[in-house]
Every structure is written in structure tokens, then in C-alpha cells.
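Visitor: Model the structure of this input:
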Amino acid sequence: MAARSAASSSVAQRYAAALFELAREREALDAVARDLDRLEAMLAESPDLRRTLDNPLLARDELERTVTGLAERVGLDPLVRNALGVLAQHRRLGLLPQTIAQFRERLAELRGEATAEIVSAAPLPEEDLERLREAIARFAGKKVRLATRVDPELLAGLTVRIGSKMVDASLRRRLRQLEMVMKGVG
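Guide: Prediction:
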């Protein structure tokens with residue numbers, strides 16, 4: 001399973017690298033990044049879209065026509081539209097979230113930025129996010145972009161991941177620690 005995940009990540013890196021280089025050559029990095037954000041939001045908001053993209057019964061050509069048609073209707077950059085077509089043709093649309101993440105990492109690296117993933121038990125107010133951004137920027141020594149996600153299973157608190165470093169200040173982690181201590185005492 002880990003080998004499959006590593007292979008998928010490697011494939012997503014290659015797709016992201018190709019899209020990134022084409023966008024850089026055409027001076028369209030910002031436009032492509034904005035459209036990838038829009039595409040990611042569309043996927044998050046539409047379970048039907050996700051099911052369509054993952055449908056193994058659709059022929060490759062039909063899947064390609066579907067995604068490129070959607071991209072054209074919503075006005076996505078031609079580079080993003082073509083990338084979607086290539087992913088569909090190779091039945092790699094399942095790698096789209098990883099490809100988007102890899103593209104963002106490359107763009108952040110080019111700009112001297114870091115991306116911090118914030119996972120919280122509930123949505124955080126904008127002023128709290130700004131304070132987190134400032135604190136993480138001081139820690140990282142560079143400009144920071146926040147990627148936020150809500151996971152109610154944390155119960156309370158949050159986790160912060162920047163690069164390979166992670167801080168887990170969630171209630172779920174604290175309860176697990178307490179459980180381990182209790183098991184050790186009993």
C-alpha cells in the first residue's frame with residue numbers, strides 16, 4: 001500500500017512539474033494557480049463531479065470530453081484544460097488533488113514561500129488565521145500561505161504541518177496520550 005502511495009505521489013509530481021513548466025514558459029503561473037484553486041473548490045463542493053471523475057465505466061474519450069468541456073464552460077485556462085484532458089486520457093484524474101498540491105509546492109518554492117496546512121476541529125475566524133500565519137512565518141523565516149481544512153474528529157484544537165514538521169495541539173491527541181498513561185498505570 002505504501003509503495004502504491006509513493007508511486008502515485010511520484011506520478012502526480014511529474015504531472016505537476018509538466019504543468020508548472022508550461023505555465024512558467026507561458027508566464028501563466030498565477031492564472032493556472034487560480035484555476036487550480038477553483039477546480040479544487042469545485043471538487044470539494046460537488047460529490048457528483050468527484051463520482052464522475054472516478055467512474056471506471058466511462059470510456060477514456062468520454063471522460064476527456066467531459067472534463068475538458070467542464071473546464072471550458074467554467075473558463076479555466078487552456079493549460080489547465082489540457083492538463084485535465086491528459087489526466088483523463090491516462091485515467092489519472094484520481095491524482096488531481098495531489099497534482100494540485102505539488103503544483104502549489106513548486107510555486108511556493110519559486111516565490112520563497114512556505115505552505116502550512118492547518119487542520120482544525122471547527123472553522124477558524126479570519127483574525128485567528130492571521131495570527132497563526134504571522135507566528136508560522138516567524139518560525140519558518142519566510143512568507144506563509146495557509147491551507148485550511150476542518151476535521152471534526154479532532155474534537156477541539158488544531159494541527160499545523162509545515163514541510164516535515166508537525167504540531168498536534170488537538171484534544172484527540174491529548175485523549176490518546178491520557179489513554180496510554182491510564183493503560184500503563186492499570
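Visitor: Return the distance of the longest helix that the chain contains from the chain's centre.
Guide: In the chain, taking DSSP state H as the definition, the longest helix is helix 2-25. Remark: helix 2-25 is offset 13 Å from the chain centroid, using Cα atoms, centre = their mean, to the nearest Å.
Visitor: pLDDT averaged over that helix, what's the number?
Guide: Average pLDDT, helix 2-25: 79.
Visitor: Could you do stretch 28-38 as well?
Guide: The model assigns stretch 28-38 a mean pLDDT of 92.
Visitor: same check, this time on stretch 49-57
Guide: 80.
Visitor: gap between the very next helix or strand once past the longest helix of the chain and the chain center?
Guide: Downstream of helix 2-25, the first helix or strand assigned by DSSP states H and E is helix 29-45. Between the centre of helix 29-45 and the centre of its host chain there is 10 Å, according to Cα atoms, centre = their mean.
Visitor: Beyond helix 29-45, next helix or strand please.
Guide: Assigned by DSSP H and E, the successor of helix 29-45 is helix 47-53.
Visitor: what's next to the helix or strand that that next one is followed by, contact-wise?
Guide: Counting by DSSP H and E, the next helix or strand C-terminal to helix 47-53 is helix 60-73. Helix 60-73 has contacts (Cβ atoms under 8 Å, 6 or more residues apart in numbering) with 39, 49, 52-53, 55, 58, 80-82, 84-85, 87-89, 91, 93. C-betas here are computed from N, CA, C, even on glycine.
Visitor: neighbours around L87, how many?
Guide: Using other Cβ atoms under 10 Å, L87 has 22 other residues around it.
Visitor: Are we agreed that it is in a strand?
Guide: No. Secondary structure of L87 (DSSP: H, G, I helix; E, B strand; the rest coil): helix, not part of a strand.
Visitor: any idea how far T159 is from it?
Guide: L87 sits 30 Å away from T159, going by Cβ to Cβ, to the nearest Å.
Visitor: Repeat that for E153.
Guide: 11 Å.
Visitor: Counting neighbours, go ahead and name the busier of the two.
Guide: Neighbour totals were compared for E153 and T159, and T159 leads with 19 against 8 (other Cβ under 10 Å).
Visitor: Secondary structure element holding the residue nearest the centre of the chain?
Guide: Centroid-nearest residue in the chain, with Cα atoms, centre = their mean: A101, separated by 4.2 Å. For A101, the host element (DSSP H and E) is helix 96-111.
Visitor: and that helix, which residues are buried?
Guide: Judged by neighbour count using 16 or more other Cβ atoms under 10 Å, the buried positions of helix 96-111 are L96, Q98, T99, I100, A101, Q102, F103, R104, E105, R106, L107, A108.
Visitor: Can I get it in CSV, CA atoms only?
Guide: Extracted C-alpha coordinates of helix 96-111, given in CSV (Å, rounded to 0.1, in the frame of the first residue of the first chain):
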residue,chain,number,x,y,z
LEU,A,96,-5.7,15.6,-9.4
PRO,A,97,-5.7,16.7,-5.7
GLN,A,98,-2.0,15.5,-5.4
THR,A,99,-1.1,17.2,-8.6
ILE,A,100,-2.6,20.5,-7.5
ALA,A,101,-0.8,20.2,-4.2
GLN,A,102,2.5,19.5,-6.0
PHE,A,103,2.0,22.5,-8.3
ARG,A,104,1.4,24.7,-5.3
GLU,A,105,4.6,23.5,-3.6
ARG,A,106,6.6,24.3,-6.7
LEU,A,107,5.1,27.7,-7.0
ALA,A,108,5.7,28.4,-3.3
GLU,A,109,9.3,27.3,-3.6
LEU,A,110,9.8,29.6,-6.6
ARG,A,111,8.3,32.5,-4.7
